[in-house]
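Peer 1: Build the 3D model from these lines:
(one chain, ligands or ions: 1)
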Amino acid sequence: MSTHARIAVLASGGGSNLQALIDRLNADPQAPARVELVVGSRAGIGAVQRAERAGIPAMALDARTLAPEAFCAGLAEALQSHGIDLIVLAGWLQLVPAEVVRRFQGRMINVHPALLPAFGGRGMYGMRVHRAVLESGVRVTGATVHFVDEAYDQGAVIAQWPVPVLPGDTPESLAARVLAVEHRILPLAVEALAREPAVPVWIQGEPLAFDLVSAPAPADASIRRTLRLAPGAAGAPGDPRRD
Ligand code: GRF
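Peer 2: Residues are numbered from 1 along each chain as shown. Sure, this is the predicted structure:
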């Protein structure tokens with residue numbers, strides 16, 4: 001019997017989140033979880049290549065060429081034969097069959113590149129998320145790890161981390177900063193769940209330092225008053241320069 005939680009990672013892209021999991025978990029014999037299976041949505045994608053380089057069993061299941069029943073049966077069989085305890089969706093763009101979602105309730109998680117419930121739901125993936133964040137004008141976005149249920153991006157939140165939106169950000173520059181945060185919170189969330197299954201956990205860490213000086217001042221003073229500033233920051237409560 002294995003002493004660690006056995007993880008399957010489902011990925012459709014380059015697999016940098018998969019790599020973050022491999023680097024943190026598979027290299028450490030004491031880790032409470034290990035990646036034991038990688039399922040790619042196409043053969044030859046980056047995630048599958050990363051698995052092969054790390055010596056982790058990998059397979060491709062392409063929902064575009066397989067009938068839904070064959071896709072579902074192939075996934076269920078792979079999860080069963082590798083004794084999978086926890087599924088991590090890391091950039092997985094296909095629908096997970098409802099049967100698998102039900103069977104892995106509380107044991108399937110997803111990483112999303114925004115602070116859910118904002119900027120989530122159908123059609124909100126990849127660069128679309130970051131474009132929508134920039135178009136909305138919000139000053140803070142971030143990354144979320146959450147349980148997967150049968151609705152898109154609506155399962156209970158496990159961990160979130162903020163990322164400031166900076167002046168001059170493009171969808172690409174924002175995506176890169178958010179991705180770096182995903183690489184930190186996803187392995188932490190997996191470790192926490194492996195130790196304490198099905199219990200939402202909060203990951204604590206240092207607060208991010210916001211550079212308030214370089215952010216453009218909102219034109220409207222009433223908006224400015226609603227901003228929550230850190231104690232000691234220019235304009236924060238106690239600062240004599242405050243309006
Ligand atoms: C990440 O931004 C993740 O949040 C989203 O898809 C992207 C996957 O990136 N669901 P990678 O394949 O792990 O590099």
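Peer 1: Could you break the protein into its assigned domains?
Peer 2: Domain assignment for the chain by automatic domain parsing gives 1-104, 110-236.
Peer 1: With adjacent residues omitted, what lies nearest to whatever residue of the chain ends up closest to the ligand?
Peer 2: Nearest residue of the chain to the ligand, counting by Cβ to the nearest ligand atom: residue 91, 2.6 Å away. In this view, the C-beta of every residue, glycine as well, is placed from N, C-alpha and C. Nearest residue to residue 91 in three dimensions, chain neighbours excluded: residue 13, at 4.4 Å (Cβ to Cβ, 6 or more residues apart in numbering).
Peer 1: Also residue 48?
Peer 2: Using Cβ to Cβ, 6+ apart and skipping the chain neighbours, the partner closest in space to residue 48 is residue 40 (3.9 Å).
Peer 1: right, and the one you found touches residue 60 too?
Peer 2: Yes. Using Cβ atoms under 8 Å, residue 40 is in contact with residue 60, at 4.7 Å.
Peer 1: Angles on the backbone of residue 158, please.
Peer 2: With angles defined as degrees, to the nearest 10, residue 158 sits at phi -100, psi -50.
Peer 1: ok, residue 11 to residue 169 distance?
Peer 2: 26 Å (Cβ to Cβ, to the nearest Å).
Peer 1: So which of the two has more stuff around it?
Peer 2: Legend: neighbour count by other Cβ atoms under 10 Å for residue 11 and residue 169, higher for residue 11 (26 against 18).
Peer 1: quick one, what contacts the more buried one?
Peer 2: Shown in contact with residue 11 (Cβ atoms under 8 Å, 6 or more residues apart in numbering): 17-18, 38-41, 45, 47-48, 89-92.
Peer 1: Report the secondary structure state of residue 145.
Peer 2: strand (DSSP: H, G, I helix; E, B strand; the rest coil).
Peer 1: how deep is it tucked in, by neighbour count?
Peer 2: Neighbour count for residue 145, taken as other Cβ under 10 Å: 27.
Peer 1: do the same with residue 46
Peer 2: Residue 46: 17 neighbours (other Cβ under 10 Å).
Peer 1: repeat for the one 5 residues further on
Peer 2: When neighbours are defined as other Cβ under 10 Å, residue 51 has 24 of them.
Peer 1: before we move on, the earlier item: is it possible to export the contacts of residue 11 to JSON lines including secondary structure and pLDDT?
Peer 2: Listed next are the contacts of residue 11 as JSON lines, based on DSSP: H, G, I helix; E, B strand; the rest coil; pLDDT from 0 to 100:
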{"residue": "17", "secondary structure": "helix", "pLDDT": "98"}
{"residue": "18", "secondary structure": "helix", "pLDDT": "98"}
{"residue": "38", "secondary structure": "strand", "pLDDT": "98"}
{"residue": "39", "secondary structure": "strand", "pLDDT": "98"}
{"residue": "40", "secondary structure": "strand", "pLDDT": "97"}
{"residue": "41", "secondary structure": "coil", "pLDDT": "96"}
{"residue": "45", "secondary structure": "coil", "pLDDT": "97"}
{"residue": "47", "secondary structure": "helix", "pLDDT": "98"}
{"residue": "48", "secondary structure": "helix", "pLDDT": "97"}
{"residue": "89", "secondary structure": "strand", "pLDDT": "97"}
{"residue": "90", "secondary structure": "coil", "pLDDT": "97"}
{"residue": "91", "secondary structure": "coil", "pLDDT": "94"}
{"residue": "92", "secondary structure": "coil", "pLDDT": "94"}
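Peer 1: now the helix of greatest length in the chain: how far from the chain's centre is it?
Peer 2: Across the chain, the longest stretch assigned as helix under DSSP state H is helix 171-195. Offset of helix 171-195 from its chain centre (Cα atoms, centre = their mean, to the nearest Å): 6 Å.
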